[in-house]
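# Attaching a predicted model along with its sequence, questions to come.
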Amino acid sequence: MKCDKKDLLLYAVTDRSWLNGETLYSQVEKALEGGATFVQLREKHLDHDAFLQEAKEIKELCAKYQVPFVLDDDVELALEVGADGVHVGQSDMEAGDVRAKLGEDKIVGVSAQTVEQALLAQERGADYLGVGAVFPTSSKDDAVEVDHEMVKAICEAVDIPVIAIGGITKDNVQELSGCGLCGIAVISAIFAKPDIKKATEELKAACEKISEAGYKPFTTGFSEWWVFKHVWQHFLAAAAGDAGVEVSDLVASFEKGEAKVADYPALYNNFFDFIDLAVQYGDDKPLETALENELAAFGSGEAAMVLGQGAWIEADSLAIDPNLQIGFNGYPVSDKADQCKIISGSDQALHVYNESEALQATLDFVNWWYTSDYGINWFTDVAGVVPPVQTEGESSFEIIKQGSELEASEGSAALGICYSTDSWHQVFGELIQSYITGSADKDATCAAIEEQWAAIDGAE
């Protein structure tokens with residue numbers, strides 16, 4: 001069982017110091033009823049058999065609530081009991097050794113107090129980091145206090161989720177807002193309280209307020225290869241502008257095998273930096289996010305921005321929330337404001353199999369679609385796109401209105417994707433997906449872009 005960063009919102013660490021006649025099982029169940037999203041069983045004084053029995057019972061309890069369950073430090077016992085994973089400190093078994101023993105399907109959490117420790121833990125296979133103590137604490141005698149600037153620096157340095165621990169209460173948790181944390185780990189703030197369930201509920205509510213202000217910056221749709229061509233063309237236009245050439249000429253240079261991505265900072269640096277940022281601050285699983293997932297995240301207010309889409313998503317988004325205020329931002333193609341421009345036009349391409357038995361019927365339909373009043377109006381009124389035929393009609397969608405106003409005042413950039421085939425665009429999207437998975441680095445991806453673009457669109 002691997003953990004999602006949402007599982008780390010409220011991470012409960014057990015402590016039998018406050019049992020007061022109750023069982024630890026009973027206290028953990030109250031915490032789960034109150035909304036704890038993760039449980040770490042910490043025991044320093046039980047013998048092996050008692051710890052094993054307790055771990056089995058609490059593991060089953062967590063499974064009932066579908067909450068991840070890990071042990072503190074004890075890798076061998078975690079294997080014996082079948083726990084979801086282990087959390088280790090800097091003085092415990094090294095993360096790489098823990099991963100080797102547990103396997104790839106288990107959770108490995110690591111404590112860190114510095115950026116160096118955090119990066120090393122990530123490199124060696126940690127799934128998440130626990131950083132602290134972020135406030136003075138009495139729960140751990142050797143706790144090292146970590147200031148909030150360091151917490152933020154760690155969050156910005158790593159790609160894996162980070163939670164804070166140490167002295168956190170419902171009264172001070174808001175001070176952690178803006179650090180980039182996925183959640184908090186608490187001990188006494190839950191288990192030392194007379195009403196554990198209520199204390200957990202209050203803490204969870206506080207956590208939800210600081211969880212990235214309730215939304216993520218991006219939802220990407222990166223499971224769809226065609227999303228990348230819509231993003232790429234903006235950076236392509238900036239690259240052509242910097243080089244003093246037309247977009248069509250730059251594309252032709254790539255198709256001939258002459259141009260190199262690394263020679264154009266807008267492509268080599270800015271495009272890939274943007275993809276990295278979109279992955280870091282976007283969907284938990286970007287390569288599993290399709291258009292329908294983007295619509296759900298954007299329409300519900302979970303995500304602030306949708307990438308690689310156009311006016312065609314407006315109607316479906318408003319169907320989710322009619323009060324949604326819709327607009328758009330430009331891509332950060334360069335530090336030149338005048339290069340951030342609208343790209344508008346029709347990029348529709350229809351592929352018809354010329355030996356199909358239905359060829360004539362298909363051509364008749366397309367002819368009707370492109371010439372009838374209904375067909376022409378469909379593009380503007382239903383699809384919300386720029387029509388591929390000349391017409392006086394314009395969509396009533398807000399995105400189209402805003403785009404037309406910007407185009408009239410600021411001009412527009414070339415519709416670069418029209419100069420390449422969809423056969424190439426599909427391969428390009430798949431290459432960027434491989435880059436996102438880490439199976440190819442930037443230089444290897446750029447080399448593949450150059451090779452494939454020439455091979456697919458450069459052929460006579």
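Done, it's in.
# Start from the N-terminal end of the stretch 1-150 of the chain and give the helices.
Taking DSSP state H, counting those that start in this stretch as the criterion, the stretch 1-150 of the chain carries its helices at 24-34, 48-64, 75-81, 95-102, 115-123, 148-157.
# which regions of the stretch 1-150 of the chain sit below the pLDDT cut-off?
1, 138-143 (pLDDT under 70).
# right, I mislabeled it, should have said the stretch 351-460 of the chain
Residues of the stretch 351-460 of the chain that meet the cut-off, pLDDT under 70, sit at 384-386, 393-394, 459-460.
# Can you show me the helices along it?
359-371, 373-378, 398-410, 422-437, 442-457.
# Which one of these lies nearest to S177?
helix 422-437 (29.0 Å; CB to CB). Where you see a C-beta, it was placed from the backbone N, CA and C, and this is true even at glycine.
# does T445 really touch I432, like I thought?
Yes: with contact defined as CB atoms under 8 Å, T445 and I432 form a contacting pair (7.0 Å).
# just to revisit the earlier point, Throw the helices of the stretch 351-460 of the chain into a markdown table and include mean neighbour count and distance to A266, thanks.
Listed next are the helices of the stretch 351-460 of the chain as a markdown table, based on neighbours: other CB atoms under 10 Å; distance: least, CB to CB, whole Å:
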| stretch | mean neighbour count | distance to A266 |
| --- | --- | --- |
| helix 359-371 | 12 | 35 |
| helix 373-378 | 14 | 36 |
| helix 398-410 | 15 | 18 |
| helix 422-437 | 18 | 16 |
| helix 442-457 | 17 | 13 |
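# which ones are touching E255?
E255 makes contact with 420, 453-454, 457-458 under the criterion CB atoms under 8 Å, 6 or more residues apart in numbering.
# nearest residue to it other than its sequence neighbours?
Nearest non-adjacent residue to E255, counting by CB to CB, 6 or more residues apart in numbering: G458, 4.1 Å away.
# Likewise for Y419?
V251 (4.2 Å).
# ok, and for the helix or strand containing that neighbour, which residues are buried?
Secondary structure from DSSP states H and E places V251 in helix 247-255. Neighbour counts over helix 247-255 (16 or more other CB atoms under 10 Å) mark 247, 250-255 as buried.
# other SSEs contacting the top helix by length along the chain?
Longest helix in the chain, counting residues (DSSP state H): helix 225-243. Using 3 or more CB pairs under 8 Å, 6 or more residues apart in numbering; DSSP states H and E, the elements in contact with helix 225-243 are helix 247-255, helix 272-280, strand 342-343, helix 422-437.
# at 6 Å instead, please
helix 247-255, helix 422-437 (3 or more CB pairs under 6 Å, 6 or more residues apart in numbering; DSSP states H and E).
# do you know which of those lies nearest V306?
helix 422-437 (16.8 Å).
# Taking helix 247-255 as reference, get the angle to the closest one.
Following axes from the mean of the first three to the mean of the last three CA atoms, to 10 degrees, one obtains 70 degrees for the angle between helix 422-437 and helix 247-255.
# so how far is helix 422-437 from its chain's centroid?
18 Å (CA atoms, centre = their mean, to the nearest Å).
# got the contact list for the closest residue to I456 other than its chain neighbours?
Spatially, and ignoring its direct neighbours in sequence, I456 is nearest to W424 (4.5 Å; CB to CB, 6+ apart). Taking CB atoms under 6 Å, 6 or more residues apart in numbering as the criterion, W424 is in contact with 453, 456-457.
# Let's have those residues in TSV, adding distance to D364.
Formatted as TSV, those follow (distance: CB to CB, whole Å):
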residue	distance to D364
W453	36
I456	31
D457	31
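# So what's the gap between the helix holding V251 and the chain middle?
32 Å.
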